[in-house]
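Q: 3D, please:
(one chain, ligands or ions: 1)
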Amino acid sequence: MPEPIKNIVIVGGGTAGWMAAAMFSQYIADKDMQVTLIESPNIGTIGVGEATIPNIVSFNKSLGIDEVELIKATQATFKLGIKFEDWYKKDSRFFHPFADYGLTVDNVEFHHYVNRLKAAGVAANIQDYSFACILAKQDKFAQPNPNPSSPLGDYSYAYHLDAALYAQFLQQFSVKKGIEHISADVCGANLAKDSGFIESVTLDDGRTIEADLFIDCSGFKGLLIGDAMGVGLEDLSHWLPCDRAVAVQTELVGMPTPYTRAIAKNAGWQWCIPLQHRMGNGYIYSSQFIDNQQAEDALLSSVEGKTINSVRQFDFPLGKRKVVWEKNCFALGLAGGFLEPLESTGLSLIQTALSKLLTFFPDKSFNQYDIAEVNRLHDAELERIVDFLVLHYKLTKRDDTEFWRYCQNMPIPDSLAHKLEVFKSQGQIVMYAHESFEEASWLSMYHGFNVTPQRYDVRAKNVDVKLIEQRLQQIHSSMSSAVNQAMTHQEFINKHCRAKSDI
Ligand code: FAD
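A: Prediction:
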């Protein structure tokens, strides 16, 4: 019988490290297994990564974390989706909700009926048939109706949370459940001469810590996966134009919105992420078109509240590790690569990678086929996310700056080109395996960028236009009256999960 893994070492105590520790603390509860997290007291965490997507809710739930306690501890607010401003053209707006639109009737997706109406000259906006969009438009929030067939239950939510507080929260959670925490710098990894597996890491205080499995959560540096195992990064800058960021925190002005704002700027885009106690702001940009100082000036001139920290600069390698699992080293978070944060996929990718590792959890024989399968699944997931991100840039009609003219003309992956052309032709949404974003998300983009298909599903023709109009009106009215009953986002927080203001 192959021997089971007995010891795991996690290097790094950022969000990735502590998410891994929290997940392992559950996993090892009934096993003879020891998990140790080593975190440098000298090297800070990235300190951003505050907008999430809905699977963060299920991640915390699976750990048995109380939602209200978590929200209060991390100064979190709710997120119904992302509002995209000035992307299609200047002064254009659209919302990407974590939600479906309308209802599928007779196996024909809802948007075909909307397109049928439009073709008949009736004005119709798909966003009027999403409860989440209507809530967001009015800065309101409600938790989904537990009845899954209700259109008022057909959406999800995520959080905006303070990254440092989230890591702190998970640290307390994990340590309480038996994860050992060492504060020290890892100076290097010691590899077995014959196999090349990592046997141990050496700390700056002279200690050597051995383990069977090593999780590299050391951030962009990739101390184990890169430096020790020699796994390089595959560059993605030919698809993703933005390679730098500046970020600053400000006082909150007005009520926190129940959504992230992503505002297209001259050479990239700006995020506004509202927490209960402050606003996170950042400008992600392409260094080909502006320099750091220009980006910083642009950010500072457009933030609303008073700044509460100094501007931070990020120069990130855009790319993915050629493999995230090599021998007995598994890379998580920024150590595994980085896609820009336009759709807030960073924490989600940590979560899905962890889930794959647990599904294919190794024993000491480290089956190569299992490892290859996890790498294949992870890579496929990244490729689909890259397609989705590239779409945001490619579909712009902005030509007011060199950056946007570049985006309009840049090459795109074949997989994305195929999707786009099928939608333009038939209004059908092509979905590949391992997509992180569902049909409705792709539809939000096509709609937001005004991509009108040449045809709609022929089966939608069988329904009378008047009848479609009536049904759509009913859906919109019932959603609107439910939204009228809902609390504002601020009222909801005040009533259910207000954090202390003295953090
Ligand atoms: P880090 O936070 O960098 O942590 C690395 C850890 O390794 C630290 O604890 C450090 O002390 C430790 N370490 C390093 N070297 C050593 C050593 N020698 N010895 C011991 N310890 C060591 N994701 C989202 O989901 N949503 C977002 O909105 C979002 N926005 C982002 C914006 C920007 C500009 C960037 C760059 C990223 C963003 N991300 C976002 C990604 C997200 O921030 C990361 O995925 C997440 O924070 C995980 O980071 P990490 O833990 O891998 O790395």
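
Q: find the centremost residue of this protein, please.
A: Nearest residue to the geometric centre of the chain (Cα atoms, centre = their mean): Thr345, 2.0 Å.

Q: helix or strand for Glu199, which one?
A: Assigned by DSSP states H and E, Glu199 falls within strand 198-203.

Q: export that strand as PDB, just CAs?
A: Extracted in PDB, the C-alpha atoms of strand 198-203 (Å, rounded to 0.1, in the frame of the first residue of the first chain):
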ATOM      1  CA  ILE A 198      11.600  18.900  -2.100                       C
ATOM      2  CA  GLU A 199      12.700  17.200   1.100                       C
ATOM      3  CA  SER A 200      12.700  20.300   3.300                       C
ATOM      4  CA  VAL A 201      13.000  24.100   3.500                       C
ATOM      5  CA  THR A 202      15.600  25.900   5.500                       C
ATOM      6  CA  LEU A 203      14.600  28.900   7.600                       C
END
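
Q: and the contacts of it?
A: Counting by Cβ atoms under 8 Å, 6 or more residues apart in numbering, the neighbours of strand 198-203 from elsewhere in the structure are 9, 11, 38, 182, 184-192, 208-211, 214, 224, 228-229, 327-329. Glycine gets a C-beta too; all of them are placed from N, C-alpha and C.

Q: list the buried residues for that strand?
A: Judged by neighbour count using 16 or more other Cβ atoms under 10 Å, the buried positions of strand 198-203 are Ile198, Glu199, Ser200, Val201, Thr202, Leu203.

Q: and that strand, what's its mean pLDDT?
A: Per-residue confidence for strand 198-203 averages out to 98 on the pLDDT scale.

Q: could you tell me which residues of the stretch 401-503 of the chain lie near the ligand?
A: By Cβ under 6 Å from any ligand atom, no part of the stretch 401-503 of the chain sits against the ligand.

Q: can you name the residue of the stretch 401-503 of the chain nearest the ligand?
A: Of the stretch 401-503 of the chain, the residue with the smallest distance to the ligand, taken as Cβ to the nearest ligand atom, is Ser436 at 11.9 Å.

Q: which phi and psi values does that residue adopt?
A: Phi and psi for Ser436, reported as degrees, to the nearest 10, are phi -80, psi -30.

Q: and it, how close does it get to Glu381?
A: With distances defined as Cβ to Cβ, to the nearest Å, the gap from Ser436 to Glu381 amounts to 6 Å.

Q: could you do Ala22 as well?
A: Distance from Ala22 to Glu381, counting by Cβ to Cβ: 21 Å.

Q: higher neighbour count, these two?
A: Neighbours per residue, other Cβ atoms under 10 Å: of Ala22 and Glu381, the larger number sits with Ala22, 24 against 20.

Q: helices along the stretch 301-450 of the chain, start to end?
A: Secondary structure of the stretch 301-450 of the chain (DSSP state H, counting those that start in this stretch): helices at 346-359, 368-394, 402-409, 414-426, 439-448.

Q: what are the buried residues along the shortest one?
A: By neighbour count on 16+ other Cβ under 10 Å, the buried set for helix 402-409 is Phe403, Trp404, Cys407.

Q: same thing with the longest one?
A: Residues of helix 368-394 classed as buried: 370-371, 374-375, 377-379, 381-394 (neighbour count, 16+ other Cβ under 10 Å).

Q: quick one on the thing from earlier: using CSV, lay out the buried residues of helix 402-409 together with pLDDT.
A: Conversion of these to CSV gives the following (pLDDT from 0 to 100):
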residue, pLDDT
Phe403, 98
Trp404, 98
Cys407, 98
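
Q: between those, which is nearest Ile65?
A: Here the nearest of those to Ile65, counting by Cβ to Cβ, is Cys407; it sits at 39.6 Å.

Q: returning to that earlier point: mutual contacts of Ser436 and Glu381, please.
A: Between them, Ser436 and Glu381 share the contacting residues Thr352, judged by Cβ under 8 Å, 6+ apart.

Q: in the stretch 151-300 of the chain, what spans have low per-residue confidence?
A: Applying pLDDT under 70 to the stretch 151-300 of the chain flags the ranges 151.

Q: related to what we said a few turns ago, and the residue of the stretch 401-503 of the chain closest to the ligand, how many neighbours does it have?
A: Around Ser436 sit 17 other residues, with neighbours defined as other Cβ under 10 Å.

Q: and the contacts of stretch 359-368?
A: The contact list for stretch 359-368 (Cβ under 8 Å, 6+ apart) reads 2-5, 27, 197, 212-213, 327-328, 370-371, 373-374.

Q: in it, what's buried?
A: Counting neighbours by 16+ other Cβ under 10 Å, one finds that the buried residues in stretch 359-368 are Pro362, Phe366.

Q: re earlier: right, and the residue of the stretch 401-503 of the chain closest to the ligand touches Ser344 too?
A: No. When contacts are counted by Cβ atoms under 8 Å, Ser436 is not listed as touching Ser344 (10.8 Å).

Q: mutual contacts of those two, please.
A: Ile53.

Q: ok so, going back, which residues are in contact with the residue nearest to the residue of the stretch 401-503 of the chain closest to the ligand when sequence neighbours are not counted?
A: Nearest residue to Ser436 in three dimensions, chain neighbours excluded: Ile385, at 5.4 Å (Cβ to Cβ, 6 or more residues apart in numbering). If you count contacts by Cβ under 8 Å, 6+ apart, Ile385 has them with Leu339, Glu343, Thr345, Leu349, Ser436, Phe437.
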